[in-house]
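S.K.: A predicted structure for the sequence below; I have some questions about it.
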Amino acid sequence: MRQEASPRAVLAARKQFFQLGLQDRPLAALVPEPILRSWKRCAERGLDSAALPRLEPLTAHELSAITERHERLRRLCRPEIESLYADAMQTGCVVILTDAEGLILDALGNADFAARAAQVALRPGVLWGESTTGTNAVGTALVEGRPIAVHGGEHYYDPHAILSCSAAPILDPYGHTVGALDMSGPAAVDHRHALGLVRLAVEQIEHRFFDEDFSGRRVLRLQADRALLGTSREGVLVFEDERLVAANRAGLGLVGADWSALGEKRAGDLLERLPGTDGETQALRGRGGGPLYGRFEGSGARLPSGPKLRPARREEGPLLGPEERAALARAVRMVAADVPVLIRGETGTGKELAAREIHRLSARGGGAFVAVNCAAIPETLIESELFGYEDGAFTGARRQGRRGLLREADGGVLFLDEIGDMPLALQSRLLRVLQEREVAPLGGGRPVKVDFALLCATHRDLRLLVEAGSFRQDLYFRIAHYTVELPPLRRLADRAEIVRALWARLVEDKRLTLSDACEARLAAYDWPGNFRQLAGTLRALAALADPFRPVGEDMLPPEVLAVPTGTAPVGTLDALTVEAMRQAVESCGGNVSQAARRLGINRSTLYRRLFHA
Ligand SMILES: Nc1ncnc2c1ncn2[C@@H]1O[C@H](COP(=O)(O)OP(=O)(O)OP(=O)(O)O)[C@@H](O)[C@H]1O
């Protein structure tokens, strides 16, 4: 069990280890064993703790190819990353997903800390394996094969002492390490729950691996506590012809086995008795262990090519009020008439979800839905991503060229998220494609006809960007014929209803409930991160909930508790100011100068406040 070392003890340990070259036992009293083991491994590799680690980020191309390869892992981890993101936003942390080598695939969370973390190369495309980056939570958790927290000076390299990180390896159902999940923040902030949150999130991710098709196999779900069957805390064992072929850690732990049992042990070696009928929960007994409860799911063994053992959950559409539903229905008609649709709303208001819903309901629902986040793709990459390229069009291009996302969307819907962040030069190219309905790949290939419906989204006011000269007016007129406004949560009157509906949607185990007081608190908070933040908080509450007791107020994060219930929620003064500015611009038909005059402030102040909102 890891014990927290005080910064003073770590400093003393560093001095002994790095300056005096002492590596023996007394050090173990100053820093946790796994840290010491890691320091020794790094020293043996000849890493110099006082030097700057040589961390070479991947090129944008390489990173794009690698994230593409890990698409499934990223998709499976998304709900937990979003839950942790809600926490990270509040605690000034970032949530990081890496591959099995420790290469950072995604990093999201608090923008201030993300910028500081980037200074020590804690960002996508950089390898945080222990052998290159020294002792660090991701790398060391991957080497040690278990969750670990690395605080401040426990990092091997001096510059990393600004970080406090907690990571856990992610194992697939066959016991292979497929990645790591990490939460990192400033060393000065005590984020003592981080390791627990990360561990819990990984448990849920690993459980989700079993949602996939194990057809032809028998999936046994078991638990010592019957109430936990059906939750992500249950153990899972998968048998093929009575032989254990896949499992999660909880499942192995319950029958006293480890990963070496895969392919070796038979059901009878692990359990004295197995449940008979599919789907029926029965009392079992593990060999040498206490009583267990379990049930087989699906009928794979009897129907070799049978249905999925657990139906894949359909991606659910957005929860919408009557106004937004009507706006979406109109948007569907716009798509049918080939009119582009712009979706506007703050972060987390469900712009992408709304776009997917429009696609699903439209006649193009059977075609592709190709989503491009113009803010997330590096400027150097976005052109080739969108337009594709011919063989060897530039160094690093794939030999066989690439079709490009505009062509991938042919017959379906192209969703350009954060369109306001698209570089000007690309705006011109996009405009040409929209006018001519054909795409010419980079490297001089012949233009190809394309047919897609265009949905765009932004959290910015594009008219202001047009006035400021960073968005083309002609493109604006082309894409903003019809705009769907998604309101922030704090503006919705029926928030208690939304909390209830989202809880019902997110929490599978119907025994888990929110107390009335807790629900009232959740409804009173103004949710600056909107649906994303609320959904993240609800998921976290569900993970900690007990089936026999409604979730109480005591489990809520402090900022939610800080808002008194029974009063109308108020936004911060800053948010209200910006909101008033937006409304003024709107009522002046987008004329910023006029709006500034009406507000009695100067034009540049209005620009600055709205751009940085
Ligand atoms: N109306 C809604 N009903 C249910 N869930 C929602 C709704 N809106 C958003 N969510 C959830 O919130 C999260 C964020 O949604 P989404 O990515 O669509 O937001 P966004 O506005 O595109 O965010 P951003 O601007 O940051 O990209 C998702 O997990 C989504 O499922």
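M.R.: It's in. Predicted, not measured: the structure shown is a model, and the values here were computed from it.

S.K.: how many other residues sit next to the residue in the stretch 251-400 of the chain positioned nearest to the ligand?
M.R.: For the stretch 251-400 of the chain, the residue positioned closest to the ligand under C-beta to the nearest ligand atom is Gly350, at a distance of 2.3 Å. All C-beta atoms are positioned from the backbone trio N, CA, C, and that covers glycine. As a burial measure, Gly350 scores 23 neighbours (other C-beta atoms under 10 Å).

S.K.: so what's the closest residue to it other than its chain neighbours up against?
M.R.: Spatial nearest neighbour of Gly350, chain neighbours left out: Pro318 (4.6 Å); criterion: C-beta to C-beta, 6 or more residues apart in numbering. Taking C-beta atoms under 8 Å, 6 or more residues apart in numbering as the definition of contact, the neighbours of Pro318 are 324, 350, 353-354, 357, 531.

S.K.: go again using 6 Å as the cut-off
M.R.: Shown in contact with Pro318 (C-beta atoms under 6 Å, 6 or more residues apart in numbering): 350, 353-354, 357.

S.K.: SS state for it?
M.R.: When the structure is reduced to helix, strand and coil (DSSP: H, G, I helix; E, B strand; the rest coil), Pro318 reads as coil.

S.K.: so Tyr293 makes contact with Arg226?
M.R.: Yes. Using C-beta atoms under 6 Å, Tyr293 is in contact with Arg226, at 4.3 Å.

S.K.: what's the spacing between the residue nearest to Gly350 and Ile81?
M.R.: As judged by C-beta to C-beta, to the nearest Å, Pro318 and Ile81 stand 20 Å apart.

S.K.: Sort out which residues of the helix or strand harbouring Glu519 are buried, please.
M.R.: Assigning secondary structure by DSSP states H and E places Glu519 in helix 516-524. With burial defined by 16 or more other C-beta atoms under 10 Å, the residues of helix 516-524 counted as buried are 518-524.

S.K.: I'd like those laid out as TSV, including pLDDT and distance to Ser384.
M.R.: What follows is the buried residues of helix 516-524, written out as TSV (pLDDT from 0 to 100; distance: C-beta to C-beta, whole Å):
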residue	pLDDT	distance to Ser384
Cys518	93	49
Glu519	93	49
Ala520	93	51
Arg521	93	48
Leu522	94	44
Ala523	93	46
Ala524	92	48
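
S.K.: Going by distance to Ala504, which of these wins?
M.R.: For Ala504, the nearest member of the buried residues of helix 516-524 is Glu519. The distance, counting by C-beta to C-beta, is 11.8 Å.

S.K.: quick one: Ala524 and Glu383, what's the gap?
M.R.: From Ala524 over to Glu383 the distance is 46 Å, taken as C-beta to C-beta.

S.K.: try Ala409
M.R.: According to C-beta to C-beta, Ala409 and Glu383 sit 16 Å apart.

S.K.: what does Asn373 give?
M.R.: 15 Å.

S.K.: what does Thr140 give?
M.R.: 39 Å.

S.K.: Give me the number of neighbouring residues for Lys15.
M.R.: A total of 12 residues lie near Lys15 under the criterion other C-beta under 10 Å.

S.K.: repeat for the one 3 residues further on
M.R.: The criterion is other C-beta under 10 Å. On that basis, Phe18 has 16 neighbouring residues.

S.K.: going forward can the numbers begin at 249, since that is how I track them
M.R.: Taking 249 as the first residue, the last one we looked at is Phe266.

S.K.: How about Pro689, nearest residue that isn't a chain neighbour?
M.R.: Spatially, and ignoring its direct neighbours in sequence, Pro689 is nearest to Gly636 (4.3 Å; C-beta to C-beta, 6+ apart).

S.K.: neighbours around that neighbour, how many?
M.R.: Taking other C-beta under 10 Å as the neighbour definition, Gly636 ends up with a count of 23.

S.K.: What number of residues are in the vicinity of the residue in the stretch 649-798 of the chain that the ligand sits nearest to?
M.R.: Closest approach between the stretch 649-798 of the chain and the ligand, counting by C-beta to the nearest ligand atom: Phe779, at 3.2 Å. When counting by other C-beta under 10 Å, one arrives at 21 neighbours for Phe779.

S.K.: check contacts around it.
M.R.: With contacts defined as C-beta under 6 Å, 6+ apart, Phe779 is in contact with 596, 598.

S.K.: and with 8 Å instead?
M.R.: If a contact means C-beta under 8 Å, 6+ apart, then Phe779 has 566-567, 596-598, 601, 737, 750 as its contacts.

S.K.: Could you single out the nearest of those to Thr346?
M.R.: Distances from Thr346 to the contacts of Phe779, taken as C-beta to C-beta, are shortest for Gly596 (24.3 Å).

S.K.: my guess is Leu854 is in a helix, correct?
M.R.: Yes. Per three-state DSSP, Leu854 lies within a helix segment.

S.K.: Hmm, it is touching Ala843, no?
M.R.: Yes. In this structure, Leu854 is within contact of Ala843 by C-beta atoms under 8 Å, at 6.4 Å.

S.K.: Name the residues contacting each of these two.
M.R.: Shared contacts of Leu854 and Ala843, defined by C-beta under 8 Å, 6+ apart, are found at 829, 833.

S.K.: sec struct for Arg845, please.
M.R.: Three-state secondary structure (criterion: three-state DSSP) places Arg845 in helix.
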